[in-house]
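What follows is a predicted structure for the sequence shown.
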Amino acid sequence: MDDADVLANQLLEAHVDFQIRQLRGAEFPALVRSEVAWALDRGQQLTLDDVVSREHVKAVVGKYVAAFRLPGSIPEVAGEIATRLRNHAANEATLGEVIPRRHVEGLVEKIAELRMARERVAAHLIDNTTLHAWLADFLLSVASSAVSTNRARAEKVPGVASMLSLGERVVGGTIGGVVGGAAHEVDQRAHEFAERAAAGLLHRWQDRLADSLTDAQFAAALLELWDGLAERPVHDLLDTVDDADLEDLLAIGYAGWLDIRTGAYLAALIDGGVDYFFDVYGVLTLPDLLEEFGLSQADLVEEALRFAPQAIAALDDAGLLAELLRRRFGDFYRSPEARALLARG
C-alpha cells in the first residue's frame, strides 16, 4: 500500500466520522432545516411532469393494485385487527360522541336533496318480484289470522280491511264447506287478491313518496333515526355482529376484491384518476404541489426530526451507519481520480 492509499483511507475515515457527527450531533436539526430549505428552493425549477410521467405512475399503481401477489395471510391479519378494534375499550363512547351531530345534519341534508335517487330506489323496489311476493304472503297471513289483537292495527293499512273480511270467511268455515277443486279455487283467489293488494300498497307508497314526502320531512325522519342511535355506545352497534361473522365478512370482501382488482373496470378507473391528477397538477412545481396538499416546509422538517434521529441512532449503534457511509464514499477515495490528486499533494 503506497502513501496515496494510506492517505485515501485516512481521508475516508475522517469523512465518515464527520458525517456521523453531523447526523448524531446537536447540529442535526439545523442540517435538516438547511437541506429541506435548499430542496424546496431548487424544486421551484422542476414540475411534476419533469420528474415523473403519468404512464410510469399508471404502471406502478396497476402493478400493486392488480398484479402484485397478495399474501394469503391478509384476511387473517385483517380479521385479528378488526376483532381487537371491535373489542377496544374506546367503543364505550356513544355514537354521538364519535360523530358530532352537525356532520350528520350536513349529510342528511344532502341525502334529502337527492329526490331523484330516492324515487329511483322506490321504483326498483316496486318492480321487485321478491318484495311483491313477501308482502302478498304477509297480507294473506294477517287476513287469515284476523284476531282482535291485530285487527285494529291491520285495518289502518289500505287494502287490508278487505283481506281481513276474506280471512274471517276462510277461517270461519268457508273452506270447511268445500272440497277438492273448490277449496283450491278459494285458496287461489285469496292469493290473487293478496297479490293485487300488495301491488296496490307498493304503488300507493311510491306515489306518496313522490308527491307527499318533502325533503324536509325525509331529513327529519333520518335525523330522528340518528338521534335514537346517537345515545347508544358504539359497542352496542358492533355487538350485532360477532367475531366469527366479522372475520367471514372480511374474507368474503377480500375474495371479491381479488376478482375486482384484475378487471378492466378498475384499470380504467385507475387510468382516469391518474390522468386527471396529471392534467391538473402536472404543471405545478414540486414545492407548489406540496403546498397544494397542505404540506409546508415546517411539516417536512417536523416529520424528518420525528423519525430520522431514532433510525440514525439504531444504525449507528449497530455499526451499520459507518459501514453505509464507507460503502457510499469509499469508491471515490479509491478511484484513480482521487489517487492522482493525493499523489500530487
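Noted; the coordinates are in hand.

When you work out contacts or count neighbours from here on, use the C-alpha atoms and nothing else.
Noted.

Torsion angles phi and psi at Pro233?
Main-chain dihedrals, Pro233, degrees, to the nearest 10: phi -60, psi 150.

quick one, what contacts the closest residue to it other than its chain neighbours?
Distances taken as Cα to Cα, 6 or more residues apart in numbering place Thr94 nearest to Pro233, at 3.9 Å, with adjacent residues excluded. Contact analysis of Thr94 by Cα atoms under 8 Å, 6 or more residues apart in numbering lists Ala230, Glu231, Arg232, Pro233, Val234.

Which residue is the nearest non-sequential neighbour of the last one?
If you skip the residues right next to it in sequence, Val234 has Asn91 as its closest partner in space, 5.0 Å away by Cα to Cα, 6+ apart.

now do the third one
The spatial neighbour of Arg232 that comes closest, neighbours along the chain excluded (Cα to Cα, 6+ apart), is Thr94 at 5.2 Å.

where exactly do the helices run in the stretch 201-345 of the chain?
Secondary structure of the stretch 201-345 of the chain (DSSP state H, counting those that start in this stretch): helices at 215-230, 234-238, 243-260, 264-281, 286-292, 297-317, 320-333, 336-344.

Tabulate the CA atom coordinates of the third one in CSV.
The one in question is helix 243-260. Output of helix 243-260 as CSV, limited to C-alpha atoms (Å, rounded to 0.1, in the frame of the first residue of the first chain):
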residue,chain,number,x,y,z
ASP,A,243,-66.1,-12.1,15.9
ALA,A,244,-66.6,-15.1,13.6
ASP,A,245,-69.1,-13.3,11.4
LEU,A,246,-66.8,-10.3,11.2
GLU,A,247,-63.9,-12.5,10.0
ASP,A,248,-66.2,-14.2,7.5
LEU,A,249,-67.4,-10.8,6.1
LEU,A,250,-63.7,-9.7,5.7
ALA,A,251,-62.8,-12.9,4.0
ILE,A,252,-65.8,-12.6,1.6
GLY,A,253,-64.9,-9.0,0.9
TYR,A,254,-61.3,-9.9,0.3
ALA,A,255,-62.2,-12.6,-2.1
GLY,A,256,-64.4,-10.2,-4.0
TRP,A,257,-61.6,-7.7,-4.1
LEU,A,258,-59.2,-10.2,-5.7
ASP,A,259,-61.6,-10.6,-8.6
ILE,A,260,-62.3,-6.9,-9.0
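
Give me the residues contacting that helix.
So helix 243-260 is contacted by Pro75, Glu76, Ala78, Gly79, Glu80, Ala82, Thr83, Leu266 (Cα under 8 Å, 6+ apart).

Then the first one?
By Cα under 8 Å, 6+ apart, the list of residues contacting helix 215-230 from outside reads Thr94, Leu95, Gly96, Glu97, Val104, Glu105, Val108, Glu109, Ile111, Ala112, Glu113, Arg115.

Tell me the buried residues in it?
Within helix 215-230, the residues that count as buried by 16 or more other Cα atoms under 10 Å are Asp215, Phe218, Ala219, Ala220, Leu222, Leu223, Trp226, Leu229, Ala230.

mind giving me a markdown table with the residues you listed and columns for pLDDT and distance to Ser335?
Conversion of the buried residues of helix 215-230 to a markdown table gives the following (pLDDT from 0 to 100; distance: Cα to Cα, whole Å):
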| residue | pLDDT | distance to Ser335 |
| --- | --- | --- |
| Asp215 | 82 | 78 |
| Phe218 | 82 | 78 |
| Ala219 | 89 | 76 |
| Ala220 | 91 | 78 |
| Leu222 | 89 | 75 |
| Leu223 | 93 | 74 |
| Trp226 | 92 | 72 |
| Leu229 | 90 | 72 |
| Ala230 | 93 | 71 |
